[in-house]
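Undergrad: no sequence on this one, just coordinates:
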């Protein structure tokens with residue numbers, strides 16, 4: 001049982017090890033992958049993956065050199081929530097690097113570790129919203145009943161779920177790309 005738990009912890013760590021946090025709390029993805037393929041083989045596989053398997057017709061390649069492909073696209077998370085990602089894939093013989101940075105919500109605000117989890121700030125913002133609408137007394141009544149704290153707790157729960165789903169989608173995209181590259185056979189057509 002202890003071995004199984006240790007294995008699960010190692011697998012979970014390795015899956016999320018590529019997601020990193022900058023000093024400003026923004027999230028990015030970086031991984032170097034060892035391969036027995038040539039630079040050209042990896043380049044061609046990544047280019048084909050972006051053209052055919054990204055699942056988004058809006059995915060565009062901005063720079064396409066023999067040692068780098070820089071592209072931009074979106075990953076759907078939940079409903080209308082999308083992550084806009086700049087994907088920089090660099091190639092060297094025997095390895096390639098996947099870098100997703102920056103990652104933002106619809107190109108507007110960066111994906112951050114905190115995702116508005118500050119309950120006190122959320123409560124202040126909500127109070128200000130009620131004040132701005134001339135509903136300060138309504139706020140005070142709801143706050144006395146505990147409804148404001150319940151609303152904030154639901155908001156935090158929703159943001160946590162959205163953040164976790166975002167991490168999962170980023171990892172899945174990277175894993176799909178790596179799998180495509182590793183399974184791509186050269187055609188002698």
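TA: That came through fine. Here the structure is a predicted model, which is why all the values come from computation and not from measurement.
Undergrad: who's sitting farthest from the centroid in this protein?
TA: Distance from the C-alpha centroid of the chain peaks at residue 137, with 40.1 Å (CA atoms, centre = their mean).
Undergrad: Give me the most central residue, the protein.
TA: Residue closest to the mean C-alpha point of the chain, counted by CA atoms, centre = their mean, is residue 170 at 4.1 Å.
Undergrad: Confirm for me that it is in contact with residue 103.
TA: Yes - here residue 170 reaches residue 103: they are 6.9 Å apart, a contact under CB atoms under 8 Å. C-beta: built from backbone N, CA, C; applies to glycine.
Undergrad: shared neighbours, those two?
TA: 29, 83, 85 (CB atoms under 8 Å, 6 or more residues apart in numbering).
Undergrad: Can you tell me which of these are classed as buried?
TA: Buried members of the shared contacts of residue 170 and residue 103, counted by 16 or more other CB atoms under 10 Å: 29, 83, 85.
Undergrad: Any chance of JSON lines for these, columns distance to residue 126, secondary structure and pLDDT?
TA: Below are these laid out as JSON lines (distance: CB to CB, whole Å; DSSP: H, G, I helix; E, B strand; the rest coil; pLDDT from 0 to 100):
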{"residue": "29", "distance to residue 126": "33", "secondary structure": "strand", "pLDDT": "97"}
{"residue": "83", "distance to residue 126": "26", "secondary structure": "strand", "pLDDT": "93"}
{"residue": "85", "distance to residue 126": "31", "secondary structure": "strand", "pLDDT": "94"}
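Undergrad: Now these in a markdown table, please, with extra columns for distance to residue 38.
TA: Output for these, formatted as a markdown table (distance: CB to CB, whole Å):
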| residue | distance to residue 38 |
| --- | --- |
| 29 | 24 |
| 83 | 31 |
| 85 | 26 |
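Undergrad: Show me which of those is closest to residue 71.
TA: Nearest to residue 71 among these is residue 85, at 8.7 Å by CB to CB.
Undergrad: hey, what's the closest one bridged with?
TA: Note on residue 85: beta-bridge partners residue 73, residue 103, judged by DSSP bridges.
Undergrad: from what I can see it touches residue 73, true?
TA: Yes - applying CB under 8 Å, one finds residue 85 in contact with residue 73, separated by 6.1 Å.
Undergrad: what do the two both touch?
TA: In terms of CB under 8 Å, 6+ apart, residue 85 and residue 73 are not both contacted by any residue.
Undergrad: which residues does residue 21 contact?
TA: 27, 113.
Undergrad: what's the pLDDT at it?
TA: At residue 21, the model reports a pLDDT of 91.
Undergrad: Mind jotting down where the helices sit in this structure?
TA: Secondary structure of the chain by DSSP state H: the helices cover 2-16, 39-52, 119-132, 136-145, 147-183.
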